[in-house]
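> One predicted model, sequence on top.
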Amino acid sequence: MDQHKVHNYMFRYLEACGGTFLQTDHTNIEVQLNRDLDEELMNRPFYWHYLEKTGRTPEPMIMRLTTDMNSTSGYERVHFGSPRLHQIFQSAGKKGAHTRLYEQTNQGTNTPLYPWLGLNVRISYTCHRRRDDLRSFGVQLISGETVDGLWIHSERKTL
Amino acid sequence: MYIDIDFSIEWEEQFQQRLDQDGPFASWEMFNLAYEAEEYQAVPSFDGLVAPTYLPQLQPYDHQLETARKVVEELNGKAILADEVGLGKTIEAGLVLKEYMIRGLVKKVLILAPASLVNQWASELNEKFYIPAVPQKKTYVWEQADVVVASMDTAKREPHRDIVLNQPYDLIIIDEAHKLKNSKTKSYAFIKQLKKRFCLLLTATPVQNRIEELFHLVSILKPGHLGDEKTFKAKYKRSRGEDAHEDIQSLVRSVMVRNRRADTNIAWKKRNVENYKVLFSDEERALYEEVDNLRSSFKELHGFSLTTLLRETCSSKQALGVTLSNMMKKGLLNEEVVAPIVERMQQVTSNAKAEHVLRQLKQSGEKTIIFTEYRATQAYLQHFLQQHGIKSVPFRGGFKRSKKDWMRQLFRDYAQVLIATEAGGEGLNLQFCHHMINFDLPWNPMRVEQRIGRIHRLGQDQDVHVTNYAVEQTVEDRILSLLYEKISMFEGVIGQLDDILERVNETKLESYVHEALQFDDTEQARERLSHLTSIMQREERNEDGPAQSS
């Protein structure tokens, strides 16, 4: 995972969670967190507990991240393997665990949709070493048809 | 064949909940992000290392990566890391640990290091590897923290002992593992009792004196790997130079990795060594002669003690004074004998070596480590330098862990000089400094090498300057010219030397050198020493792997 990908990933995550971007370029991100993100990432439960008890206006923090490893701007340097990115991975995994989607079809015509149940699985082969296998299975809930690699199919559709 | 399969069931409940409540469902984007997160974090293959991709800031050397790979892939996580001094065994261990943690195979980790290195281990793991290692300070740490760094002495003591023994560890790392060479010690018994899955032993000297030491180390990792002790010894003895020897070697190779400096592709910084001959002042010379007179005037004095006294005289009169009073307390010397020496001591008002140290320090203005063998000299030097406006900090083995850290930090940020005694040598990293003065020289060249190793190690980015002091026409002069120059150790890369010396029993060597120095005739002494070097060279030729030593 190169630094460019790290940057894109973080940007998409923050955007999806509703952060307000104050300033961004191809390496730096400065983002005003919302309450949800602050609780998720800033690790200050006492502050939020305190707010709840006293009923004050919450002031979520501003987060400054950079993927430029030589940066001297005082932004938090993030790379693959850094605790921050893994926190974001964890958070995304938790938030994005379940979804329900409908395919977008031509609006003029009535196209019947088929219900699919998709399941993304990680299979870990573990002994004194380990290997992971990510699989994506899908079951068509009417016919019972089963496919491997549902992910690849669904990526091509507009959902 | 029965395969134990764990199914994650958490998702079922959560999924059901969402069906029942018709939500909340994540957006398509978030769902994508979740999938990608998994994709990035998945370990694609059994082979290879994934840790380096997680640590772009760390730039390990090839031999370190290769070692880590070998430990994980071929040695199944049970290994002795026996690289020579200064090749970065800590980094290798850190890589292995990280690799296992990423692969989710290791969670509970215990690291046992000498007390002086505990904080250093913890901070290196945190800073370089993003591993949340915690130095053990309070009892609850054992249970609460997953990665604990502690000293062996603490861990094996109650009440810690029980707690540690009751927990299963996924990985145990033991630094300076040669301290476990003796299977009859409490530490050894303690380590044997630990519940562990993977285990790394770190030592630069897997064999110091006898081959059994290696056997004991291997027994910690894989009991029975080399058979039982008796058969192993018998087999080893019988098999000098035969096939069985090969057997043992290949067995050992399957639990040990040893890199030598010469095998690595590291460009070492240069080591500039200068030997400086100091001239005694007339008073000091007189004192030296007086002590030397004991040889004829007080025959009961053991030869070895006399040499010690002489060496101390060369260091400082304070060092001499302390030993003299100790010997008197023990009744080894009487007042009558000591009185003339004390008189001479009172006449000595300066220390020629210290004067020169001062000149050198003022001239260079660089951070400098001064090593001395004697506590009294250490105290004297500190006092002396302070009088001349140079700030210095002391360092010795007896300091507590936190005090050692503190002294190191003071030296780095504040003081120009660190004055260390021998015990301060092991495991101290002082790469930020590149000047060293050996105020007096130990008998064993290996110890000098360890001293130099404090600054001449990986991470040093400048050439290293070492100055050895010796007083002209004294016992020191002879140590320097006969022993050290003979082995021509200072200039060389010590690779082979430490290899040879780790085989020669330290006390044996000392007494040998001592004997050699007893000869008044230089020619004879030279002969003895050249004999010694030839023994060493022969050993070296015979050595291919550490397993062959005796």
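Cool, the structure landed. The structure displayed is predicted, hence computed values, not measured ones.

> How about the secondary structure of the spatially most central residue of chain A?
Compute the mean C-alpha point of chain A, and by CA atoms, centre = their mean the closest residue is A:Ala92, 3.4 Å away. When classified by DSSP: H, G, I helix; E, B strand; the rest coil, A:Ala92 comes out as helix.

> Identify the residues contacting the residue nearest to it when sequence neighbours are not counted.
Distances taken as CB to CB, 6 or more residues apart in numbering or on different chains put B:Leu33 closest to A:Ala92, at 4.3 Å, once the chain neighbours are dropped. Every C-beta, even on glycine, is put in place using the N, C-alpha and C of the backbone. Contact analysis of B:Leu33 by CB atoms under 8 Å, 6 or more residues apart in numbering or on different chains lists A:9, A:12-13, A:16, A:92, A:95-96.

> ok, now which ones touch the residue nearest to the centre of chain A?
Going by CB under 8 Å, 6+ apart, A:Ala92 touches A:13, B:30, B:33-34, B:36-37.

> one more time with 10 Å, if that's ok
A:9, A:12-13, A:16-17, A:40, B:26, B:29-38 (CB atoms under 10 Å, 6 or more residues apart in numbering or on different chains).

> thinking again about what came up before, does the residue nearest to A:Ala92 sit in a helix, a strand or a coil?
B:Leu33 - assigned by three-state DSSP - is helix.

> Do you know the pLDDT at it?
Looking at B:Leu33, its pLDDT reads 87.

> Give the ranges of residues in the stretch 151-300 of chain B that sit below the confidence cut-off.
B:207-210, B:236-246, B:248, B:262, B:266-268, B:299-300 (pLDDT under 70).

> give me that answer again for 50
Along the stretch 151-300 of chain B, segments meeting pLDDT under 50 span B:241.

> in it, which spans are strands?
Secondary structure of the stretch 151-300 of chain B (DSSP state E, counting those that start in this stretch): strands at B:168-174, B:195-202, B:256-257, B:271-278.

> same deal with the stretch 351-500 of chain B?
Taking DSSP E, counting those that start in this stretch as the criterion, the stretch 351-500 of chain B carries its strands at B:368-372, B:392-395, B:417-421, B:435-438, B:464-471.

> Ok, which of those strands comes nearest B:Val96?
When the strands of the stretch 351-500 of chain B are compared by CB to CB, strand B:464-471 sits nearest B:Val96, at 29.6 Å.

> residues touching the closest residue to B:Tyr54 other than its chain neighbours, list them.
Spatial nearest neighbour of B:Tyr54, excluding adjacent residues (CB to CB, 6+ apart): A:Gly81 at 2.9 Å. Neighbouring residues of A:Gly81 by CB under 10 Å, 6+ apart: A:1, A:6, B:50-58, B:98, B:102, B:129-130.

> The same query, at a cut-off of 7 Å, please.
B:53-55, B:130 (CB atoms under 7 Å, 6 or more residues apart in numbering or on different chains).

> Ok, A:Thr105 next?
Applying CB under 7 Å, 6+ apart, we find A:Thr105 in contact with A:Thr111.

> if we can go back for a sec, how about the contacts of B:Leu33 in JSON lines, adding secondary structure, pLDDT and distance to A:Leu134?
Listed next are the contacts of B:Leu33 as JSON lines, based on DSSP: H, G, I helix; E, B strand; the rest coil; pLDDT from 0 to 100; distance: CB to CB, whole Å:
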{"residue": "A:Tyr9", "secondary structure": "helix", "pLDDT": "91", "distance to A:Leu134": "17"}
{"residue": "A:Arg12", "secondary structure": "helix", "pLDDT": "91", "distance to A:Leu134": "19"}
{"residue": "A:Tyr13", "secondary structure": "helix", "pLDDT": "92", "distance to A:Leu134": "19"}
{"residue": "A:Ala16", "secondary structure": "helix", "pLDDT": "90", "distance to A:Leu134": "21"}
{"residue": "A:Ala92", "secondary structure": "helix", "pLDDT": "90", "distance to A:Leu134": "15"}
{"residue": "A:Lys95", "secondary structure": "helix", "pLDDT": "87", "distance to A:Leu134": "19"}
{"residue": "A:Gly96", "secondary structure": "coil", "pLDDT": "86", "distance to A:Leu134": "14"}
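
> Could you work out the most separated pair of those?
Every pair of these checked by CB to CB; the farthest is A:Tyr9 and A:Lys95, at 13.8 Å.

> Where does pLDDT dip in chain A?
The model of chain A has no residue with pLDDT under 50.

> Those residues of it touching chain B, which are they?
Residues of chain A found near chain B (CB under 7 Å from any CB of the partner chain) are A:1, A:9, A:12-13, A:16, A:79-83, A:89, A:92-93, A:95-101, A:120, A:122, A:126, A:128-132, A:134, A:151, A:159.

> Going through those residues, which ones are buried?
Those of the residues of chain A next to chain B that meet the buried threshold are A:1, A:9, A:12-13, A:16, A:79-82, A:89, A:92-93, A:95-99, A:101, A:120, A:129-132, A:151, by 16 or more other CB atoms under 10 Å in any protein chain shown.

> Tell me the spacing between B:Glu36 and B:Glu29.
For B:Glu36, the distance to B:Glu29 equals 10 Å [CB to CB, to the nearest Å].

> Comparing the two, which residue is more hemmed in?
Comparing B:Glu36 with B:Glu29 by other CB atoms under 10 Å in any protein chain shown, the one with more neighbours is B:Glu36, at 19 against 16.

> just checking, the more buried one is part of a helix?
Yes - remark: B:Glu36 belongs to a helix, assigned using three-state DSSP.

> Of all the residues in the stretch 451-550 of chain B, which one is nearest chain A?
Using CB to the nearest CB, the closest approach of the stretch 451-550 of chain B to chain A is made by B:Asp461 at 18.1 Å.

> Give me the pLDDT for that residue.
B:Asp461 carries a pLDDT score of 80 in this model.

> picking that back up, tell me which element the residue nearest to B:Tyr54 is part of?
In the assignment (DSSP states H and E), A:Gly81 maps to no helix and no strand.

> before we move on, back to that, can you list the strands of the stretch 151-300 of chain B in CSV and add mean neighbour count and distance to chain A?
Shown next, in CSV, are these (neighbours: other CB atoms under 10 Å in any protein chain shown; distance: least, CB to the nearest CB, whole Å):
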stretch, mean neighbour count, distance to chain A
strand B:168-174, 21, 11
strand B:195-202, 21, 8
strand B:256-257, 22, 17
strand B:271-278, 16, 32
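
> Dihedrals phi and psi, B:Val43?
phi -100, psi 110 (degrees, to the nearest 10).

> give the contact list for B:Glu366.
Counting by CB under 7 Å, 6+ apart, B:Glu366 makes contact with B:His435.

> and if we set it to 8 Å?
Residues in contact with B:Glu366 (CB under 8 Å, 6+ apart) are B:416, B:433-435.

> cool, and B:Ala113?
Counted by CB under 8 Å, 6+ apart, B:Ala113 has contacts B:120-121, B:149-152, B:174-176, B:427.

> same question, B:Asp477
Contacts of B:Asp477 by CB under 8 Å, 6+ apart are B:277, B:470-471.

> Check what pLDDT it gets.
At B:Asp477, pLDDT is 80.

> cool, the one 4 residues further on as well?
At B:Ser481, the predicted lDDT confidence score is 69.

> and if you look at the one 5 residues further on?
With respect to pLDDT, B:Lys486 has a value of 49.

> Could you do B:Thr522 as well?
If you check B:Thr522, the pLDDT there is 54.

> Quick check: buried residues in stretch B:316-327?
Neighbour count says stretch B:316-327 has B:316-320, B:322-324, B:327 buried, by 16+ other CB under 10 Å.

> export the residues you listed to CSV and tack on secondary structure, pLDDT and distance to B:Arg447?
As requested, those are exported to CSV (three-state DSSP; pLDDT from 0 to 100; distance: CB to CB, whole Å):
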residue, secondary structure, pLDDT, distance to B:Arg447
B:Ser316, coil, 89, 19
B:Lys317, helix, 87, 24
B:Gln318, helix, 89, 22
B:Ala319, helix, 89, 17
B:Leu320, helix, 88, 21
B:Val322, helix, 89, 21
B:Thr323, helix, 87, 19
B:Leu324, helix, 86, 24
B:Met327, helix, 85, 24
